[in-house]
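1. turn this into a structure:
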Amino acid sequence: MRNILVTVMLLIVVALMFMNIIADSDGTRSQIEAKGNSANTQIRDLTP
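-> Numbers count the residues shown, from 1 in each chain. Predicted coordinates:
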């Protein structure tokens, strides 16, 4: 029973860390999207 409780608590901690680090409005996901949009703009502005 104790092992199950520890496992559930660990999963909750991991989920909270994911929400704060990755999915936050200024988290990793938004930074990757911003850099991707910047790269797309720079590629689009290249003249052949």
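2. rest of the way, CA atoms for contacts and neighbours
-> Fine.
3. just for the chain, where's the confidence low?
-> Scanning the chain for pLDDT under 70 picks out no residues.
4. in it, which residue is closest to the centre?
-> In the chain, the centroid-proximal residue (CA atoms, centre = their mean) is residue 22; its distance is 2.3 Å.
5. give me the nearest residue to that residue, chain neighbours excluded.
-> Of all residues not flanking residue 22 in the chain, residue 28 sits nearest, at 4.9 Å (CA to CA, 6 or more residues apart in numbering).
6. my guess is the residue nearest to the centre of the chain meets residue 32, correct?
-> No: Residue 22 lies out of contact with residue 32 (CA atoms under 8 Å); the separation is 10.1 Å.
7. residue 24 and residue 16: what is the separation?
-> 11 Å (CA to CA, to the nearest Å).
8. just list the residues touching residue 27, thanks.
-> By CA atoms under 8 Å, 6 or more residues apart in numbering, the contact set of residue 27 is 20-21.
9. and residue 47, which of the three is it?
-> Look at residue 47: counting by DSSP: H, G, I helix; E, B strand; the rest coil, its state is coil.
10. any idea how far it lies from residue 1?
-> 65 Å.
11. remind me, longest helix of this structure?
-> helix 2-21 (DSSP state H).
12. next secondary structure after it?
-> helix 28-44 (DSSP states H and E).
13. quick one: that following helix to helix 2-21, angle?
-> 40 degrees (axes from the mean of the first three to the mean of the last three CA atoms, to 10 degrees).
14. got the contact list for helix 28-44?
-> 21-24.
15. now with 6 Å?
-> Contacts with helix 28-44, where a contact means CA atoms under 6 Å, 6 or more residues apart in numbering, come from residue 22.
16. cool, stretch 13-21 as well?
-> Under CA under 6 Å, 6+ apart, the answer for stretch 13-21 is residue 27.
17. chain center to stretch 35-48, what's the gap?
-> 23 Å (CA atoms, centre = their mean, to the nearest Å).
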